[in-house]
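1. Predicted model follows, preceded by the sequence.
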2 protein chains.
Amino acid sequence: MSKLTEAEFESVDGILKKLPPDDYEKVRRVLYGNETSELELPEKAESLAKSFDFELASCKFNCEKEELRAPRIVRVGLFQNKIPVAPTEPLIKQRDAFHKMAEEAIQTAAAAGVNIFCFQEAWNMPFAFCTKEKLPWTEFAEPAENGPTTLFLGQMAKIHNMVIVSSILERDEIHGDTVWNTAVVIDNHGDYLGKHRKNHIPRIGDFNESSYYFEGNTGHPVFETEFGRIAVNICFGRHHFLNWMMFGINGAEIVFNPSATIGGISEPMWGIEARCYAIANNYYTCAINRIGTEVFPNEFCSGDKKPAHKEFGHFYGSSYVSAPNGSRSQGLSRTKTGLLIAELDLNLCRQARDKWCFQMTQRLDMYAESLQRAVKLDYVPQIIRK
Amino acid sequence: MSKLTEAEFESVDGILKKLPPDDYEKVRRVLYGNETSELELPEKAESLAKSFDFELASCKFNCEKEELRAPRIVRVGLFQNKIPVAPTEPLIKQRDAFHKMAEEAIQTAAAAGVNIFCFQEAWNMPFAFCTKEKLPWTEFAEPAENGPTTLFLGQMAKIHNMVIVSSILERDEIHGDTVWNTAVVIDNHGDYLGKHRKNHIPRIGDFNESSYYFEGNTGHPVFETEFGRIAVNICFGRHHFLNWMMFGINGAEIVFNPSATIGGISEPMWGIEARCYAIANNYYTCAINRIGTEVFPNEFCSGDKKPAHKEFGHFYGSSYVSAPNGSRSQGLSRTKTGLLIAELDLNLCRQARDKWCFQMTQRLDMYAESLQRAVKLDYVPQIIRK
């Protein structure tokens, strides 16, 4: 299938809706789980999205009322975007364009009542790691605590009373000028709350990111915000169950997965993984992917037998939210910049845990012991032979 | 949605195929992954399936040719079935009917060239655990090593040169007459090779199986057969990633998941979990679910607010195979007894591992240590507060 065909259709959901309504409902129930509804968003949010020319979609998950706990309603905003200007433009122009785009997205999210906003991976730069060139791309790296992007987003967060999760390239000036792939969490008062560094780094085709940064050394932090306990599983970490699991063990109720991934590689896995791990850990997962095709100034090769090329391939977006019970939202477009607003009741996490009892039945002590044995170099696998 | 509607449609795949071919292909690629093909099965297999009145479907996964390893082609057969006679019939009549049905299925599988055959969970009895009654249902329990079902299947296995995985209720007469939920592996010479006991037991609505048996004590064995290294993750264990992972660590190339699950509970998760864990562990997974509605002689209640009832609900079948790269077969019917033949090249496991490098990047030592800490009662979660 050609790249053009890959890019040109809008969404799986859009195609499924061409089915007769009765058939659609049967398929929808099996493929998407419990019914969800759209939110009634303020007119202002709709008109802002329209004026900035991005898709605006919404989803509300159902949750039972409890007698002893009040509902714990949170609105999250997932923003997926194309790069606003070409990677060949001066860096300062690129950065300004990213910040302007972010301001528009956050303003729209605020109008839609969003409490926690999350960007895609490395949102404020082109995804240049395919090139393996250091300069100019590592110039985009900034201190997590007080770099220009964090300071800019701090202002936005304070104005709009919004927690912002910002996945960027970090420069750690104190520790040997090392570069990291880092998610920064800014609280709703505009203050830096903390950071998490990507735990698992891919070496696949054009995603040979290990030229730039090392596996994260910040563990599995959960950030206690005024709107709930959140964590960030950055991109390739979504393939690693234990990464998801440790965020759950540490108390996460929502795990964001800011990502950058292209059609030729991962698309059939995209709808499976973040959703499966929402089910397994009984928390909400928010998977956010880039949009569009990025073209770099110089050719690069990527160990995938393709001739040298300047084009990364099509980032297929399709950002979505999964609930702790396995139901999911529809996906954003495969081709357009967009904002997905989802209303979550955090009480659903514990309700799903009580119903499915995965935590009670998981026998974690047995596995802690099994893994301790399995990592030893002289581990003998349990194999039964005749 | 009424139970009738749930049961009455044949399959999601069947509905998707009503889409225009071009749309279908786009959706298929995203939902099912790399293209697969049907096998050309011998006429004899087709005519046997027809004469026994069950569905016969097939799938072949693509795999690259290697220069230094020959292909390692295996055909697996997944059999999903209704109970052949009512649970109100005398037990001996029920057992005979199950064995007759098994003989038909295995004969058909043999005609289709199957090397490894697997049944659904507790295939030789009604799924009576919902009743919480002990007699007569525990009479179905047999010694894994030499009970009547194992002896019967041993003959079948020898005649047809076929490995058979038989998920049954086990009676351990040596250890206090305890009952277990056990998968028995019989080798292609008809000999008992070993057994595995279900590691994770549900307590959900009508699936309160913990009245009958305890969590398994046989670890995570991998069975080395002439056709490849296989393991069995029984039913509820499919929700437990660490269970899947330990089979992978011990060297499994194919993991069977004999199951029994109904539409109201798990259907939206069914296509997600076994497939996600095939991706995460880069092995084949074979998920097999029951078919039909079973009606028991006495009413039972199940803690799910429904009035007392005699009917379990609709087991929705939909058995399928996932490949180590995330592509999957179509599902068997939601309503009919059926046999799915899949041709696998086991070389694809290592190819997927080399491509995705999940094993290299998984940092298992870090997680072994994290879990050791997490299971301690005084574990303090890593939470970042202002």
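-> Received it, and whenever you're ready, just let me know what you need.
2. Most proximal residue of the stretch 51-200 of chain A with respect to chain B?
-> With CB to the nearest CB, the shortest gap between the stretch 51-200 of chain A and chain B falls at residue A:194, namely 4.1 Å. Heads up, the C-betas are built off the backbone N, CA and C, glycines and all.
3. Just the pLDDT for that residue.
-> Residue A:194 carries a pLDDT value of 98.
4. try the one 10 residues further on
-> Turning to residue A:204, the model gives it a pLDDT of 92.
5. How many neighbouring residues does it have?
-> 19 (other CB atoms under 10 Å in any protein chain shown).
6. which strand residues sit across from it in the sheet?
-> residue A:207 (DSSP bridges).
7. Cross-check the contact I'm expecting between it and residue A:262.
-> No - checked against CB atoms under 8 Å, the pair residue A:204 and residue A:262 is beyond contact range at 10.5 Å.
8. Disregarding residues adjacent in the polypeptide, which is nearest to residue A:240?
-> residue A:200 (5.0 Å; CB to CB, 6 or more residues apart in numbering or on different chains).
9. nope, residue A:148 is what I meant
-> The shortest distance from residue A:148 to any non-neighbouring residue, by CB to CB, 6+ apart, is to residue A:142 (6.0 Å).
10. One more: residue A:244?
-> Per CB to CB, 6+ apart, closest to residue A:244 is residue A:277, 4.1 Å.
11. May I have the secondary structure class of the one you found?
-> Three-state assignment for residue A:277 (DSSP: H, G, I helix; E, B strand; the rest coil): helix.
12. Verify the stated contact: it with residue A:237.
-> No - checked against CB under 8 Å, the pair residue A:277 and residue A:237 is beyond contact range at 10.2 Å.
13. Now do the shared contacts for those two.
-> The overlap between the contact sets of residue A:277 and residue A:237 (CB atoms under 8 Å, 6 or more residues apart in numbering or on different chains) consists of residue A:244.
14. Neighbour count for the two, which is higher?
-> Per other CB under 10 Å, whichever of residue A:277 and residue A:237 has more neighbours is residue A:277, with 29 against 26.
15. Show me where the stretch 101-250 of chain A has its strands.
-> A:116-118, A:163-172, A:178-186, A:192-197, A:203-204, A:207-208, A:222-225, A:228-232 (DSSP state E, counting those that start in this stretch).
16. my guess is residue A:261 contacts residue A:235, does it?
-> Yes - contact status for residue A:261 versus residue A:235: in contact at 7.1 Å, counting by CB under 8 Å.
17. how many neighbours does the residue nearest to residue A:148 have?
-> 22.
18. which residues touch it?
-> By CB under 8 Å, 6+ apart, the neighbours of residue A:142 are A:148, A:149, A:150, A:168, A:169, A:170, A:171.
19. If you tally nearby residues, what's the number for the closest residue to the fifth one other than its chain neighbours?
-> So that's residue A:169. With sequence-adjacent residues excluded and distances taken as CB to CB, 6+ apart, residue A:169 is closest to residue A:141, at 4.2 Å. When neighbours are counted by other CB under 10 Å, residue A:141 registers 24.
20. roughly how far apart are the residue nearest to residue A:244 and residue A:242?
-> As judged by CB to CB, to the nearest Å, residue A:277 and residue A:242 stand 10 Å apart.
21. any common contacting residues for the two?
-> Contacts common to residue A:277 and residue A:242, judged by CB under 8 Å, 6+ apart, are absent.
22. Give the next helix or strand downstream of the strand or helix carrying residue A:321.
-> In the assignment (DSSP states H and E), residue A:321 maps to strand A:320-322. Reading on from strand A:320-322 to the C-terminus, the next helix or strand found by DSSP H and E is strand A:338-345.
23. which parts of the stretch 101-250 of chain A sit against chain B?
-> Within reach of chain B by CB under 8 Å from any CB of the partner chain, the stretch 101-250 of chain A has these residues: A:185, A:187, A:191, A:193-194, A:199-204, A:215, A:219-224, A:229, A:236, A:239-242, A:245-246, A:249-250.
24. Can you pull the poorly scored residue ranges out of chain A?
-> Chain A contains residues with pLDDT under 70 at A:1-7.
25. any idea which helix is longest in it?
-> Secondary structure of chain A read by DSSP state H shows that its longest helix is helix A:91-111.
26. and it, how far out from the chain's middle?
-> 18 Å (CA atoms, centre = their mean, to the nearest Å).
27. mind listing what's buried in that helix?
-> A:94-95, A:97-99, A:101-111 (16 or more other CB atoms under 10 Å in any protein chain shown).
28. swap in stretch A:179-196?
-> Neighbour-count burial for stretch A:179-196 [16+ other CB under 10 Å]: A:179-188, A:190, A:192-196.
29. so how far is it from its chain's centroid?
-> Stretch A:179-196 sits 15 Å away from the centroid of its parent chain (CA atoms, centre = their mean).
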